Every structure is written in structure tokens, then in C-alpha cells.
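Q: fold the following, please.
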Amino acid sequence: MSLPGGGGSVEAEGSPAPTLPHGPQGPGRAGQPSFQDMWKELAPIGRHAESGGYRRYAWTGADADCRVWFREQAEARGLGYEVDRNGNQWAWLGDPLGDDAVVTGSHLDSVPDGGAFDGPLGVVSSFAALDELHRRGVEFTRPFAITNFGDEEGARFGLACVGSRLAAGQLTVEKAHQLRDGDGITLPQAMEAAGYDPGAIGPDPERLARIGAFVELHVEQGRSLDLTGDPVGIASAIWPHGRWRFDFRGEANHAGTTRLVDRRDPMLTYAETVLAARREAELTGALATFGKIAVEPNGVNAIPSLVRGWLDSRAADQDTLDAVVTGIERAAREHAERAGIDLDVVRESFTPVVEFQHALRDELGKILTGRGGDAGRAVPVLGTGAGHDAGILSASVPTAMLFVRNPTGISHSPAEYAAEDDCTAGVIALADVLEGLACS
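A: A predicted model of the protein is given here:
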């Protein structure tokens, strides 16, 4: 199998037709696209010619094309297709109104210039796993669905997991309507322009109550599996994490005439805060990143009046996260006071620690331990600092996650990568899990 992203992986565009080994990716029932067919069709959508990364932002043309792709995969397999009130896509085998459904899937949107695997690997693998189960001739005893959750990355409106947050009631309709992109377009305006009804968004407890288990497969966004030598792992928990906006307000002035001692330059205070974030993260063992910045008036020869920076911080536990963010804000305020800069700090999003349901997690471990040549080898269980739709849904639905090895640990980058054999192992593992949950 060839997948976009690096040596030994499939190229997205302009590459030879990928060749897959016999097995789960090969042709299934007539008319069903194989893994390589699906990947080849999806790979060019939203890919930026210069960066090689993906720009699949919510409710844009690239997002619409991804949604068409998802619907085509559902229809090729004779699955029932629907879009819920929050724009999330569903492909159903069995009664969508039945109880105790088993659901799998992920997302198709991306961060700016993101990689090919984050999200899409889970969706493509879900369809491939279903094809594998059909090849095995198993019969489903519970309703089954594959889903594509909308706006998971939050690249356009600044809030991650919008589709799943709305469904789970963790994002109010009022706050959703206030979300704006960099051009001032609101979420409702974007949805309406894409042909969806923004007046319908809101909690979907009836739908979630019919789900007995949700399993999300995802490329690992770190190197834990590479270090243990395992192709597939099971998630234990998602670290608590959040996003904070720091607004540094100074005084705009001429860069060529204003003496250094007369300046109220918020860029300096922002720079000091970035360095403070690194120090606090190192001291606490947490993660802290200023990865986005907006400057006004944003002129080369102008001292800024406003520097707005967004902090992303994550830690293994809540106390550590609180400590690192408090330390960063304290340092920022001290630097701001000395420089005569006004500072506002706003927490824009927050997700507490997510401990995946132990019973479901343990069931996955039992299913995946002792398979074939891996008999007796326990599947590693690992935590992650990355947020996922599965983490949002965990408060309402029993959820679990599978990770596929990423030998570089690189994510949110065109260099994101997973090897052919590991992707195959991920499909087989997901099929085994779904067979154990939905076919017995």
C-alpha cells in the first residue's frame, strides 16, 4: 500500500498507482473501492501545491469535496447515509434508530498545511475494516456506523471538535453562533453558504444514547509505539488541554523615528511570554506552545498596537496544567507591567482529562491480545496529549481509541507518516475489534 507522506509511504499526487498486498485492502464485494482506491481519491483533495500539506478547513470547498468522497464510499457499500443536525456524516449498516450501535470513524478536516494521516487514516481504515469483515463473512448483530465528524481540528474557527462538541452538548448554540473565522465569517454563515441549516445545530442526546460503543482509529501523534516496537496501541487517556488567547496592547508608532526608550511595544512582551512558556513547560514536564499570532497594524515600519497570541498547553494531569498556565500568565503580567503594556488573557477552550472507559478499553485489549502470530503479546496502552472526537464523546458514550505507529512522531505536518505494514495492521486490528463488539 502506498500512502502520502514520506519514504515508503504513498505519494498523494503524480505518483504511480499504489500497490497493496493481498488482504484487507484488496477488492471486496463488487463495486467496493479498495483501500488504495479510497486513499488515491482522497489524497489530492485540499492539498496545497507549494507546501505539500493539506488545507481542508470546515465548510470550505475542500471540506465539501471530502464530504462527497465520504458519501460515495457509503453508497458504494450500500450503506444508509445521513448528515446529522450538526453537519456530522454517518454511514449506517443496520437500523440507525436501533439501540446499542457500534460506531467507528474519525475526521477529514486538517490543520493548516497538515499531514495526510491525521483523521483520514481513521475514516479510510473504517471502510476498509468493514470490507474485511464482509470478506470474513461475519454477520453484524448490532447496528453499525462509520462517521466523519465535522471541524475536528478547529483550524477555521479556533475551536476544536465543533461537530462532536455540539452533539454532546459541550458547545452551546449561542457560543457556536459567535464563532468567527479570520475574515469575520460566522459559523452559521459558513454552514449556510455550504448548503446546511445552521438553525438546526445543537445537542443530539437521542442519537448518542443509541450508541453502545465508539472506537476511533488514529495515527499516533508521538513515538511511543515506535519505541516499544508495536504497530498498534490502545489509548488509556487524553491529557487535559486548552487554548488561551493573550492580548498584548501597546501603542502604535513609527519604527524609524520613535526612540527605543519611548516605545510601548507589545511585541517585546509577547516574545518574553513565549520564552516564559518554554521555561514553565520544562519545569513542570508539560507542553506549552504559542503557535498562532495576529499583529495590528501589521506593518514592517510600524510598532504594533496589538499583538495577539494563542497558547496551547497540555499536561498529564490537571494540577500540572494549572501550574504551567498560571506560571505563564504570571510571567506575562510581570513583563507587561514593566513595559507599560495592557494584557488580557481569555481561555477560549478547555478539555479536562479523559480516561477512556476501562471496561471497553480492557475488552479491546482482550480482543487484540493473542491474535495470530502475536499470541500472548499484550497490546500496549498509552496516553496522548492530542485531543480527539472520541475524547469529547466519552462523557456521553463508551469510547476507545486505537493508535497506529508513527515512526517519526511528526504530526500536523506534511511529514506525518505511517508505514504500509502498520496501516495494514491497523485495519486488521480495527476489524478484529469491530467483529468482537458488533458481530457477536
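Q: give me the residue ranges of this protein where confidence is low.
A: 1-31, 370-376 (pLDDT under 70).
Q: for residue 342, give me its contacts.
A: Shown in contact with residue 342 (Cβ atoms under 8 Å, 6 or more residues apart in numbering): 248, 249, 250, 336. All C-beta atoms are positioned from the backbone trio N, CA, C, and that covers glycine.
Q: most neighbours out of those, which is it?
A: residue 248 (29 neighbours; other Cβ atoms under 10 Å).
Q: secondary structure class of residue 82, three-state.
A: strand (DSSP: H, G, I helix; E, B strand; the rest coil).
Q: related to what we said a few turns ago, the contacts of residue 342 in strands, which ones?
A: In this view, the contacts of residue 342 that belong to strands under DSSP state E are 248, 249.
Q: just give me the neighbour total for residue 276.
A: For residue 276, using other Cβ under 10 Å, the count is 19.
Q: distance of it relative to residue 287?
A: 14 Å (Cβ to Cβ, to the nearest Å).
Q: repeat for residue 35
A: Distance from residue 35 to residue 287, by Cβ to Cβ: 33 Å.
Q: same deal with residue 107?
A: From residue 107 to residue 287 the distance is 22 Å (Cβ to Cβ).
Q: who's more crowded, the two?
A: Counted by other Cβ under 10 Å, residue 107 and residue 287 do not tie: residue 107 has more neighbours, with 29 against 17.
Q: may I have the longest helix seen in the chain as PDB, with CA atoms only?
A: With secondary structure taken from DSSP state H, the chain has its longest helix at helix 318-339. Taking Å, rounded to 0.1, in the frame of the first residue of the first chain, the C-alpha atoms of helix 318-339 are listed here in PDB:
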ATOM      1  CA  GLN A 318      -4.900  18.900  35.800                       C
ATOM      2  CA  ASP A 319      -2.700  20.200  38.600                       C
ATOM      3  CA  THR A 320       0.300  20.300  36.300                       C
ATOM      4  CA  LEU A 321      -1.700  22.000  33.600                       C
ATOM      5  CA  ASP A 322      -3.000  24.600  36.000                       C
ATOM      6  CA  ALA A 323       0.600  25.200  37.300                       C
ATOM      7  CA  VAL A 324       2.100  25.800  33.800                       C
ATOM      8  CA  VAL A 325      -0.600  28.100  32.600                       C
ATOM      9  CA  THR A 326      -0.600  30.100  35.800                       C
ATOM     10  CA  GLY A 327       3.200  30.400  35.600                       C
ATOM     11  CA  ILE A 328       3.000  31.600  32.000                       C
ATOM     12  CA  GLU A 329       0.300  34.200  32.800                       C
ATOM     13  CA  ARG A 330       2.100  35.400  35.800                       C
ATOM     14  CA  ALA A 331       5.300  36.000  33.800                       C
ATOM     15  CA  ALA A 332       3.300  37.700  31.000                       C
ATOM     16  CA  ARG A 333       1.800  40.100  33.500                       C
ATOM     17  CA  GLU A 334       5.100  40.900  35.100                       C
ATOM     18  CA  HIS A 335       6.700  41.700  31.800                       C
ATOM     19  CA  ALA A 336       3.600  43.700  30.700                       C
ATOM     20  CA  GLU A 337       3.600  45.800  33.800                       C
ATOM     21  CA  ARG A 338       7.300  46.700  33.500                       C
ATOM     22  CA  ALA A 339       6.800  47.700  29.800                       C
END
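Q: and it, what's buried?
A: The neighbour-count check on helix 318-339 (16 or more other Cβ atoms under 10 Å) flags 320-321, 323-325, 327-329, 331-332, 335-336, 339 as buried.
Q: of all the residues in the helix or strand following it, which ones are buried?
A: Counting by DSSP states H and E, the element after helix 318-339 in chain order, helix or strand, is strand 342-351. Residues of strand 342-351 classed as buried by neighbour count (16+ other Cβ under 10 Å): 343, 349, 351.
Q: the residue nearest to residue 204 when sequence neighbours are not counted sits in which helix or strand?
A: Spatial nearest neighbour of residue 204, chain neighbours left out: residue 167 (4.3 Å); criterion: Cβ to Cβ, 6 or more residues apart in numbering. Taking DSSP H and E as the definition, residue 167 sits inside helix 162-168.
Q: chain center to the next helix or strand after that helix, what's the gap?
A: Remark: after helix 162-168, the chain's next helix or strand is helix 173-178, criterion DSSP H and E. Counting by Cα atoms, centre = their mean, to the nearest Å, helix 173-178 is centred 21 Å from the centre of its parent chain.
Q: ok, stretch 416-423 next?
A: For stretch 416-423, the distance to the chain centre is 18 Å (Cα atoms, centre = their mean).
Q: now that stretch: buried residues?
A: For stretch 416-423, by 16+ other Cβ under 10 Å, it's 416, 417, 418, 419, 420, 422, 423.
Q: okay then, goodbye and thanks.
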